[in-house]
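Colleague: sequence? don't have it. structure:
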């Protein structure tokens, strides 16, 4: 397939851009290409950033030959293996829904014409893909949310959303890794943080991971949060 293009981004970066839509198969191609670049250890490549539908490669122009790099990218993006997705075992993430932890759960329920309990059931009944990391260290854009509960962002963002908050914004859901302003509909909170420097592996998620949310009560939240 040749449904991608190479775009130069200044003298020290190049973007491989796939189709202009959000789709798990397209995202898988970006994730696979990023992994191939990491594995190749090309001299002068400084960073590789996969997104929903593209990969940006940052490099040192004094150490990396642009023509050779783009040739490698072109060859790898055409490999048949880039169209096969081996589904990893989903990561199970606990969430305490509603109450003070989920101030927007009732609003999402009203949007969906469901009860709060049904919203939780739908949210936990879906397996989500980590499309990309961004916004804050460790923040994973997870999709796709069941359209029944795909409530839009808040009209007025909050000045502070606590770390661990689980939100919905359209077809996306995610966990805030730190206290920050935010406009997503907050339906719960997880005691497991997406980014924690005290862990041997600070980042909980990587692009391409599969995630499932598991409902817990306040007692279990307190036990896991300690």
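Modeller: Nice, thanks for sending it over. Only a predicted model underlies this, so the values are computations on that prediction, with no experimental measurement involved.
Colleague: Quick check, residue 216 in contact with residue 96.
Modeller: Yes. In this structure residue 216 lies within contact range of residue 96 using CB atoms under 8 Å: 5.4 Å. For the C-beta atoms, the positions are set from N, CA and C on the backbone; glycine is no exception.
Colleague: if you count what's nearby, which of those two comes out ahead?
Modeller: A side-by-side neighbour count of residue 216 and residue 96, using other CB atoms under 10 Å, places residue 96 first with 24 against 18.
Colleague: any idea which element the more buried one lies in?
Modeller: Using DSSP states H and E, residue 96 falls within strand 91-97.
Colleague: Can you list the strands that that strand pairs with?
Modeller: Applying DSSP bridges, strand 91-97 is found paired with strand 185-189 (antiparallel), strand 210-216 (parallel).
Colleague: For it, buried residues please.
Modeller: For strand 91-97, burial by neighbour count (16 or more other CB atoms under 10 Å) applies to 91, 93-97.
Colleague: In CSV: those, plus pLDDT.
Modeller: Formatted as CSV, these follow (pLDDT from 0 to 100):
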residue, pLDDT
91, 96
93, 98
94, 98
95, 99
96, 99
97, 99
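Colleague: okay, the strands paired with strand 91-97, which one's buried deepest?
Modeller: A comparison of these by mean neighbour count, using mean count of other CB atoms under 10 Å, puts strand 185-189 on top with a mean of 26.
Colleague: gap between that one and the chain center?
Modeller: 17 Å (CA atoms, centre = their mean, to the nearest Å).
Colleague: Any regions of this protein where pLDDT drops low?
Modeller: Low-confidence segments of the chain, defined by pLDDT under 70: 1-2, 80-87, 226.
Colleague: mind listing what the residue lying farthest from the centre of it touches?
Modeller: Farthest-out residue of the chain from its mean C-alpha position, per CA atoms, centre = their mean: residue 62, at 32.7 Å. Residue 62 makes contacts with residue 44, as judged by CB atoms under 8 Å, 6 or more residues apart in numbering.
Colleague: Would you mind giving both backbone torsions of it?
Modeller: Phi and psi for residue 62, reported as degrees, to the nearest 10, are phi -80, psi -10.
Colleague: One more: the one 5 residues further on?
Modeller: With angles defined as degrees, to the nearest 10, residue 67 sits at phi -60, psi -40.
Colleague: Counting neighbours, what do you get for it?
Modeller: For residue 67, using other CB under 10 Å, the count is 7.
Colleague: do the same with residue 180
Modeller: A total of 16 residues lie near residue 180 under the criterion other CB under 10 Å.
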